[in-house]
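S.K.: heads up, no residue letters with this:
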């Protein structure tokens, strides 16, 4: 959108668990952005998946102490919510046009200009990963790197398109009913944490189910319509020059999408981490599995966790124990290669 420089800010600020909310007016509507941290630090922007916001998509990662220390030590975090997905959102007027995912990607440049940000690090989940990838393709000079979780890059498969259509109809007639929530939870999580008749669902699933009750069904339906109309962006992936780190759960509905995307990226600048026994939303289901790959990834930018956390048995990295050559950008492609992580599932005795 060419009018991004003319976007008008709305001076509305709220406090959410230490973060500050800004409503940014763009040419395609207002967007809620929650800001955490020192604005003088480099910027990390996040974008969640369908029917989620930062509380339900990134809270697990940022509540993981080591990951929080890594990210908040190095970045000021800007959590972008899809239109109408922020906490306490009202129903969007049905007469307002439904923005395309291209339009949502263009919206991000207006947000960056509002906060006077230069090049940023990006982190997105599923549909949010698609939007941020599209943003990186359109505005390459404004993206330092991409951290993508279960990303999408092609048009919906027949099965995804069908399920999305069923969800859209259910949302229209019944709102955020139990069946819609089950479809969404299957999209986000593996069967291990969703539970069964014999095993209760996990705390993260129960929390997510409760947060879904707060979504406005009409707003979710609008985002779903945009997701179902996405285009194939595979052809532009080779032109991405920023480094890209991809996480995907072994049981993610978008596992094949992530593998396909990785095959089309320049392998000198990209890496894939497959997280076993996990669904699509690695940020919530197994956030600790993201820590060490993110540490290596960010070392390519000269970023690391503060020294007081370096004694962690889970991730013993610190500047003092890393040879200088591993911090060079050229080493990133060598250190980050396709790996699998496994979390011990056996109960401790």
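M.R.: Thanks, I have it. Because the structure is predicted, anything quoted here is derived from the model rather than measured. Numbering: from 1, shown residues only.

S.K.: So what does residue 84 have for phi and psi?
M.R.: Main-chain torsions, residue 84, degrees, to the nearest 10: phi 80, psi 10.

S.K.: Who are the contact partners of it?
M.R.: 90, 91, 92, 216, 218, 219, 220, 222, 223 (CB atoms under 8 Å, 6 or more residues apart in numbering). Backbone N, C-alpha and C define where each C-beta goes, glycine included.

S.K.: same question, residue 150
M.R.: Contacts for residue 150 (CB under 8 Å, 6+ apart) come out as 125-126, 129, 247-249, 252-255, 257-258, 280-282.

S.K.: before we move on, what about residue 239?
M.R.: Counted by CB under 8 Å, 6+ apart, residue 239 has contacts 137, 140.

S.K.: Check what pLDDT it gets.
M.R.: For residue 239, the pLDDT comes out at 89.

S.K.: which stretches of this protein form helices?
M.R.: Under the criterion DSSP state H, the chain carries helices at the ranges 54-57, 59-63, 65-74, 101-114, 127-138, 158-174, 178-188, 191-194, 203-212, 217-228, 255-264, 282-285, 291-299, 332-335.

S.K.: Switch the ones you listed over to TSV; also include mean neighbour count.
M.R.: As requested, those are exported to TSV (neighbours: other CB atoms under 10 Å):
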stretch	mean neighbour count
helix 54-57	26
helix 59-63	19
helix 65-74	19
helix 101-114	21
helix 127-138	25
helix 158-174	14
helix 178-188	18
helix 191-194	17
helix 203-212	17
helix 217-228	21
helix 255-264	18
helix 282-285	26
helix 291-299	21
helix 332-335	16
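
S.K.: Look up the pLDDT of the residue lying closest to residue 230 once chain neighbours are set aside for me, please.
M.R.: Among residues not flanking residue 230 along the chain, residue 101 sits closest, at 5.1 Å (CB to CB, 6 or more residues apart in numbering). In this model, residue 101 is scored at 96, pLDDT.

S.K.: go on, residue 114?
M.R.: pLDDT, read off for residue 114, is 97.

S.K.: Give me the distance between residue 226 and residue 256.
M.R.: 22 Å (CB to CB, to the nearest Å).

S.K.: Also residue 236?
M.R.: In this structure, residue 236 and residue 256 are 19 Å apart, going by CB to CB.

S.K.: same question, residue 195
M.R.: 25 Å.

S.K.: who are the neighbours in contact with residue 50?
M.R.: Applying CB under 8 Å, 6+ apart, we find residue 50 in contact with 82, 126, 127, 184, 187, 220, 223, 224, 227.

S.K.: Can I get the residues you listed in JSON lines including pLDDT and distance to residue 151?
M.R.: Formatted as JSON lines, the contacts of residue 50 follow (pLDDT from 0 to 100; distance: CB to CB, whole Å):
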{"residue": "82", "pLDDT": "96", "distance to residue 151": "16"}
{"residue": "126", "pLDDT": "98", "distance to residue 151": "7"}
{"residue": "127", "pLDDT": "98", "distance to residue 151": "9"}
{"residue": "184", "pLDDT": "98", "distance to residue 151": "18"}
{"residue": "187", "pLDDT": "97", "distance to residue 151": "14"}
{"residue": "220", "pLDDT": "98", "distance to residue 151": "20"}
{"residue": "223", "pLDDT": "97", "distance to residue 151": "17"}
{"residue": "224", "pLDDT": "97", "distance to residue 151": "18"}
{"residue": "227", "pLDDT": "97", "distance to residue 151": "13"}
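
S.K.: which one of these is nearest residue 148?
M.R.: residue 126 (9.1 Å; CB to CB).

S.K.: any idea how far that closest one is from residue 238?
M.R.: 22 Å.

S.K.: Of the two, which one has the most company?
M.R.: Legend: neighbour count by other CB atoms under 10 Å for residue 126 and residue 238, higher for residue 126 (29 against 10).

S.K.: Tell me the spatial nearest neighbour of the more buried one, not counting adjacent residues.
M.R.: Once flanking residues are discounted, residue 126 sits nearest to residue 49: 3.9 Å by CB to CB, 6+ apart.

S.K.: One more: residue 225?
M.R.: Spatial nearest neighbour of residue 225, excluding adjacent residues (CB to CB, 6+ apart): residue 98 at 5.3 Å.

S.K.: centroid residue for this protein?
M.R.: Centroid check for the chain by CA atoms, centre = their mean gives residue 124 as the closest residue, at 2.2 Å.
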